[in-house]
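Trainee: after the sequence you'll find the predicted model.
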4 protein chains.
Amino acid sequence: MTLRLTADDVTGVFAIMPTPATPDANDPAARETVDVDETARVVRELEAAGANAVMLTGTSGEAFALTPEEWRTVTRTAAETAEEMAVLAGPTTLNTRTTIDRAKFARDVGCDGLLLGRPMWCELSPDATVTFYRQVAEAVPELGIVAYDNPGAFKRPISSWDRLVPIENFVGVKYVSLGPEYWEALRQVRNADGECTVLQMDAYLAAAMTWDPDVPAACWSSSVSCGPAPTMALVAALEAGEWERAIALSRRMARTFETFFPEGNMQVFGRHTPAVVKARMNEAGFMRAGPVRPPDPETPEAYLEGGRESGRRWRELAEAVERGEFD
Amino acid sequence: MTLRLTADDVTGVFAIMPTPATPDANDPAARETVDVDETARVVRELEAAGANAVMLTGTSGEAFALTPEEWRTVTRTAAETAEEMAVLAGPTTLNTRTTIDRAKFARDVGCDGLLLGRPMWCELSPDATVTFYRQVAEAVPELGIVAYDNPGAFKRPISSWDRLVPIENFVGVKYVSLGPEYWEALRQVRNADGECTVLQMDAYLAAAMTWDPDVPAACWSSSVSCGPAPTMALVAALEAGEWERAIALSRRMARTFETFFPEGNMQVFGRHTPAVVKARMNEAGFMRAGPVRPPDPETPEAYLEGGRESGRRWRELAEAVERGEFD
Amino acid sequence: MTLRLTADDVTGVFAIMPTPATPDANDPAARETVDVDETARVVRELEAAGANAVMLTGTSGEAFALTPEEWRTVTRTAAETAEEMAVLAGPTTLNTRTTIDRAKFARDVGCDGLLLGRPMWCELSPDATVTFYRQVAEAVPELGIVAYDNPGAFKRPISSWDRLVPIENFVGVKYVSLGPEYWEALRQVRNADGECTVLQMDAYLAAAMTWDPDVPAACWSSSVSCGPAPTMALVAALEAGEWERAIALSRRMARTFETFFPEGNMQVFGRHTPAVVKARMNEAGFMRAGPVRPPDPETPEAYLEGGRESGRRWRELAEAVERGEFD
Amino acid sequence: MTLRLTADDVTGVFAIMPTPATPDANDPAARETVDVDETARVVRELEAAGANAVMLTGTSGEAFALTPEEWRTVTRTAAETAEEMAVLAGPTTLNTRTTIDRAKFARDVGCDGLLLGRPMWCELSPDATVTFYRQVAEAVPELGIVAYDNPGAFKRPISSWDRLVPIENFVGVKYVSLGPEYWEALRQVRNADGECTVLQMDAYLAAAMTWDPDVPAACWSSSVSCGPAPTMALVAALEAGEWERAIALSRRMARTFETFFPEGNMQVFGRHTPAVVKARMNEAGFMRAGPVRPPDPETPEAYLEGGRESGRRWRELAEAVERGEFD
């Protein structure tokens, strides 16, 4: 048995892709709302652009809002479309056993790894978190596990990296914070008996590298679904040690996020993530994300417009990169 | 089309029943872990004891931890077993459409209503909460909807009762708080255009009646699954206006809860609810709740022992009631 | 040395009085804003009405908003005015030493006890809370300490009653919650080596007594500053075991609070407590509380009007009690 | 009337100095615990090292734990000792008027500005926050106001920069977060009608500059009280555009913080800030911070040792800088 995604494979750009939705997808009576053709097209585009992996069905990918059938559709479509690029399924559900069933499906259709969040009806304690990750990891030893550490969705940050990293096929983390909590995570990962890559968001990557010489030039990015050029260029610059170029890109990226997080408040953003993300993607024009699926978050128009403005800025940035403005 | 459960039907004792589990149910490899015979037996016992309804698969019923097949098994079993007693299914999932699918299943197997919580991956705003309840209610107009207001599970309390009560088949609330929030809920319900019963926990019922002359002698109770006699006696006393008897029962009930909530802290309890509840039930001896299903909350032994002690105290209380000590 | 206020003295009605303010008191340039005559008058009225104690300068009393001179003025005025009625000073500040200095002042001017909150710039852990209470208690062994357990103000609830009750002159708690946390507090107090009375709010008192046979008919009340008759009548009824009368009063009290807590939300109320309380008092007409002192909470008019409506309802209730409607 | 500290003056290194404590300062019976000689010595050393300002009596400076007399002592001592270096007093108290009185004292003894937090007994809403800052600013128009934005201490982050920046003498912010909230703050400050410098922590400064071309090479630093060389070198490198040197320093700084924040958790750190900071300073050897003043946070030994280890690492870094290792 071979591990399909190792910690060494967790490098470069790990793309987040919303699950493309048919035009009726906001209607609670609609079923089979995955736009399969668009899903395949985007996967091909991301691979063509050089993304190292695509990570499916986290929050932006509406893991929670898909029917079981839709979840299988998007997972199979991506797995069958990607050629060299790694595919990570997002099997997070409300419990361990349904998640394991999904993980095995992902394995069987050819996925390489999992972007794995936690059950969140009852908050999992640190001990319960370790047990959960261990049980899923053991059920699919072929797959590399990337922890999805979203404290807003799963009610608390993961805090016991020292006990997760030693799990054989635990290979990475999709991480979101900067500052003391991040330093503590890095410290635990570094000292643990095992290999694990902490992936930061693209716009955080240069910042994170001002603190740690060992942080690899690796990131997750949902912005690639607005156009992959800026993030690919950023990682290339950081790999090449070209700080000035990296920072020039990073600053432009930050400007696109300025209108993205409503009120600059992560809790408010957490109530509206898929709606704002999809407004951004639809406006940027790289992909057709479609409407948000129920439960409808009833997102205020101002928040949606913030998403759209962010999408326009990213598109302009992508065009500038493609014109060679940052070479 | 007839509404199977009206606001007038939301009265008396609404029983919470854990989903009985087979001995292997803690194993993530186990499937079909519903102890069907015990499920049917407990439903019959609750009906025989005079409970007005049984509410399935909330937190104690491990809605989140059941596989889809298991959820259908427990729902069908209860619906087919109950005779006059109302059966409320618990179709809460991560999204509107899967919940509607479960609600329709519940309708088709003969349930009368729904104990309905909210999707909780992304916190639902008040506006989103109203849309969610409206969409589910409209999909199953035959069923009476009882809102499951669990702020810990669903990330915030429901606050817009004034917009929920007017929904035709919105008939009740399983409520948990006392104090200003409760008074505001009562005020909104009273002033709204529609009928809706606010169900308090049995041990809170006398307390709630010290504030409002219109509060009906109606409650939810998971303690009935430790033995129904005390709760049935309490409601009978309150209906008869026998305050002294009601308070004598209420005080004994409160004493059984003294060891139930770890550290007296609802957030800690929320991490371990099914484990502590099941330890309590198993010890009380009225039903075989079985082990907790994954995700294993890794509940500390002291919390489990608190649950067991609570179960012993309830059993003693039930025996005292049966001996006529409170007549 | 005699303890001036024992646990046995913590009984009946402990009145909360806002610190009466001169008309210019909202102006940050104003100094000496204590309306001394009104302060003395209200203390006399409360004593005449039969209150067992007056508790000064908690949140409603604007402990935080008074200058040191004003704090001494209100403390001395009350101490010198009261005859038999106990006076509890409110010496809560940002640190132990300044609080001790105030406590000694209170002792020297003749106060009997302290309503003592915690420093709150840095949240005090349970261990730090015990040390703080112990150090203040030891500095003024003549005074009875009543803990002011306000989780919103002091960032967390007190949780280690088992280590506070044994402090010699720790005699009571001004408590605010109902439910599991309260049951845990009662359990710890009951089992601790020492005497201590848990005071509930007047409108919670009947509710609390539905759970515990040992809860004394004792409460704190800020509503007495809208007119003392209803609270005095409630406690008298409970002492006499007249449940029906007590509940009739309790229900009318609850109705006056219906508009008091903005949105039924304690966190919102916590931002505006003195403003809403003073609007209520000023409208009820029993005392002239005057304007709120800086920092001005910029309270929305709707919240102030909710306070005024609550004051009108309480006044009507007081008049009904005085007319003998509840005899 | 001249503004003594303008937004243009908010540049370079703004030093945080704990208030040096006499050996008995942990005793609640001690008074006059300011080590005046050490205070003056450290101010002189910081000025000699090139710090642009010293900011007194925030959390590390134990503003909350000083008696009024001690507060005046440390404020006067620093003001009278500094020559060219700006001195910012920390007049945060529980209310507007006492804070204004302290601000005027600071003005009269020659301070240049204020590091100004908020009253925190009742959480201030955004509206109330603006009123508070405006009223204090108007009372001392000669002094430059630097907002102390500590969400843990003052219960919420400041969010209405657009209304604070236009206040004439509002010139800067001591800021603590990175990410969306920080981007929103920058956006508001940039678009507001007025000048205001956002100061980041030294170890965050390079990170912050990866996002914004307009962020000045300016920071606050409590680490300078462990030895100023690293922070002075960092700012010099950033001013000179020497990114590699800046990042090399930043990475070493981050390593010293690895053991500083207990469990990497800012809430836990917030309970123990002065104790951990002073353990760090005392170990680093640049200054004698002395013991923590009451309320004693009862800090666990492991947290204190984390502080000491951080101090040792900073001292080694300072020695390396002084040896020219980063030239």
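Mentor: Arrived safely.
Trainee: what about the closest residue to residue A:261 other than its chain neighbours, neighbour count?
Mentor: Closest residue to residue A:261 apart from its sequence neighbours, by Cβ to Cβ, 6 or more residues apart in numbering or on different chains: residue D:180 at 3.8 Å. Every C-beta, even on glycine, is put in place using the N, C-alpha and C of the backbone. A total of 21 residues lie near residue D:180 under the criterion other Cβ atoms under 10 Å in any protein chain shown.
Trainee: equivalent analysis for residue A:226, please.
Mentor: Other residues lying near residue A:226 total 29 when counted by other Cβ under 10 Å.
Trainee: and if you look at residue A:324?
Mentor: When counting by other Cβ under 10 Å, one arrives at 8 neighbours for residue A:324.
Trainee: who's in contact with the residue in the stretch 201-327 of chain A that chain C sits nearest to?
Mentor: Across the stretch 201-327 of chain A, the shortest distance to chain C (Cβ to the nearest Cβ) belongs to residue A:267, at 13.8 Å. By Cβ atoms under 8 Å, 6 or more residues apart in numbering or on different chains, the residues touching residue A:267 are A:152, B:123.
Trainee: from chain C, how far out is the residue nearest to residue A:261?
Mentor: Distance of residue D:180 to chain C, computed by Cβ to the nearest Cβ, to the nearest Å: 23 Å.
Trainee: what about the strands in the stretch 1-150 of chain A?
Mentor: A:12-16, A:53-55, A:86-89, A:113-116, A:144-148 (DSSP state E, counting those that start in this stretch).
Trainee: what's the closest of those to chain B?
Mentor: When the strands of the stretch 1-150 of chain A are compared (using Cβ to the nearest Cβ), the closest one is strand A:144-148, at 11.3 Å.
Trainee: partner strands of that closest one, with direction?
Mentor: Sheet pairing of strand A:144-148 (DSSP bridges) gives strand A:113-116 (parallel), strand A:170-174 (parallel).
Trainee: any idea which of the ones you listed is most buried?
Mentor: Mean neighbour count (mean count of other Cβ atoms under 10 Å in any protein chain shown) peaks for strand A:113-116 among the strands paired with strand A:144-148, with a mean of 28.
Trainee: quick one: contacts for residue A:320?
Mentor: A:252, A:326.
Trainee: and it, what element?
Mentor: Assessed by DSSP states H and E, residue A:320 sits inside helix A:301-322.
Trainee: pull out the buried positions in that helix.
Mentor: A:303-304, A:306-315, A:317-318, A:320-321 (16 or more other Cβ atoms under 10 Å in any protein chain shown).
Trainee: picking that back up, got the strands paired with strand A:144-148 as CSV, with mean pLDDT and distance to residue D:239 columns?
Mentor: Shown next, in CSV, are those (pLDDT from 0 to 100; distance: least, Cβ to Cβ, whole Å):
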stretch, mean pLDDT, distance to residue D:239
strand A:113-116, 98, 42
strand A:170-174, 97, 35
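Trainee: quick one: closest of the ones you listed to residue B:73.
Mentor: Of all the strands paired with strand A:144-148, it is strand A:113-116 that lies closest to residue B:73, at 27.3 Å by Cβ to Cβ.
Trainee: how far does that closest one sit from the chain's center?
Mentor: How far strand A:113-116 lies from its chain's middle: 10 Å, per Cα atoms, centre = their mean, to the nearest Å.
Trainee: so residue A:124 makes contact with residue A:130?
Mentor: No: taking contacts as Cβ atoms under 8 Å, residue A:124 lies outside contact range of residue A:130: 9.2 Å.
Trainee: of the two, which one has the most company?
Mentor: residue A:124 (24 against 20).
Trainee: the more buried one - nearest residue in space that isn't next to it in sequence?
Mentor: Residue A:124's closest residue in space is residue A:118 (Cβ to Cβ, 6+ apart), at 5.2 Å.
Trainee: list the contacts for the one you found?
Mentor: Contacts for residue A:118 (Cβ under 8 Å, 6+ apart) come out as A:92, A:124, A:129, A:132, A:154, B:295.
Trainee: quick check: helices, which of those are part of them?
Mentor: When DSSP state H is applied, the contacts of residue A:118 are split such that A:129, A:132, A:154 fall in helices.
Trainee: now those residues as a markdown table including distance to residue B:53?
Mentor: Converted to a markdown table, those look like this (distance: Cβ to Cβ, whole Å):
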| residue | distance to residue B:53 |
| --- | --- |
| A:129 | 36 |
| A:132 | 33 |
| A:154 | 33 |
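Trainee: element containing residue A:234?
Mentor: helix A:229-239.
Trainee: and the next element down the chain from that helix?
Mentor: Counting by DSSP H and E, the next helix or strand C-terminal to helix A:229-239 is helix A:243-257.
Trainee: which other residues reach that next one?
Mentor: Helix A:243-257 is contacted by residues A:202-203, A:205-207, A:223, A:230-231, A:233-234, A:237-238, A:310, A:313-314, A:317, A:320-321, A:326, D:180, D:183, D:209-213, D:243-244, D:247 when judged by Cβ under 8 Å, 6+ apart.
Trainee: quick one, it and helix A:229-239 angle?
Mentor: With axes from the mean of the first three to the mean of the last three Cα atoms, to 10 degrees as the basis, helix A:243-257 and helix A:229-239 are set at 150 degrees to each other.
Trainee: just the buried positions in helix A:243-257, please.
Mentor: Neighbour counts over helix A:243-257 (16+ other Cβ under 10 Å) mark A:243, A:245-257 as buried.
Trainee: using PDB, write down the CA coordinates of that helix.
Mentor: Extracted in PDB, the C-alpha atoms of helix A:243-257 (Å, rounded to 0.1, in the frame of the first residue of the first chain):
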ATOM      1  CA  TRP A 243      11.600  38.900  -1.800                       C
ATOM      2  CA  GLU A 244      10.900  42.100  -3.500                       C
ATOM      3  CA  ARG A 245       8.800  40.500  -6.200                       C
ATOM      4  CA  ALA A 246       7.000  38.400  -3.600                       C
ATOM      5  CA  ILE A 247       6.100  41.400  -1.500                       C
ATOM      6  CA  ALA A 248       4.900  43.400  -4.500                       C
ATOM      7  CA  LEU A 249       2.500  40.600  -5.300                       C
ATOM      8  CA  SER A 250       1.500  40.100  -1.700                       C
ATOM      9  CA  ARG A 251       0.600  43.800  -1.300                       C
ATOM     10  CA  ARG A 252      -1.600  43.700  -4.400                       C
ATOM     11  CA  MET A 253      -3.300  40.500  -3.100                       C
ATOM     12  CA  ALA A 254      -4.000  42.100   0.300                       C
ATOM     13  CA  ARG A 255      -5.600  45.000  -1.500                       C
ATOM     14  CA  THR A 256      -8.100  42.600  -3.200                       C
ATOM     15  CA  PHE A 257      -9.100  41.200   0.200                       C
END
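Trainee: what is the mean pLDDT for it?
Mentor: Averaging pLDDT along helix A:243-257 gives 96.
Trainee: could you do stretch A:202-222 as well?
Mentor: Mean pLDDT, computed over stretch A:202-222, is 92.
Trainee: span of that stretch from start to end?
Mentor: This stretch, stretch A:202-222, spans 9 Å end to end (Cα to Cα, to the nearest Å).
Trainee: hang on, the earlier thing: list just the nearest of the buried residues of helix A:301-322 to residue C:272.
Mentor: Proximity of these to residue C:272 was ranked by Cβ to Cβ; the top entry is residue A:303 with 27.3 Å.
Trainee: quick one, what contacts the closest one?
Mentor: Taking Cβ under 8 Å, 6+ apart, we find residue A:303 in contact with A:262, A:268, A:272, A:275, A:276.
Trainee: what's the farthest-apart pair in the residues you listed?
Mentor: Most distant of the contacts of residue A:303, by Cβ to Cβ, are A:268 and A:275, 11.8 Å apart.
Trainee: those two - which one has more neighbours?
Mentor: Using other Cβ under 10 Å, the more surrounded residue of residue A:268 and residue A:275 is residue A:275, with 23 against 17.
Trainee: mind checking the SS state of the more buried one?
Mentor: helix (DSSP: H, G, I helix; E, B strand; the rest coil).
Trainee: wait, what's in contact with it?
Mentor: A:292, A:297, A:299, A:303, A:304, A:307.
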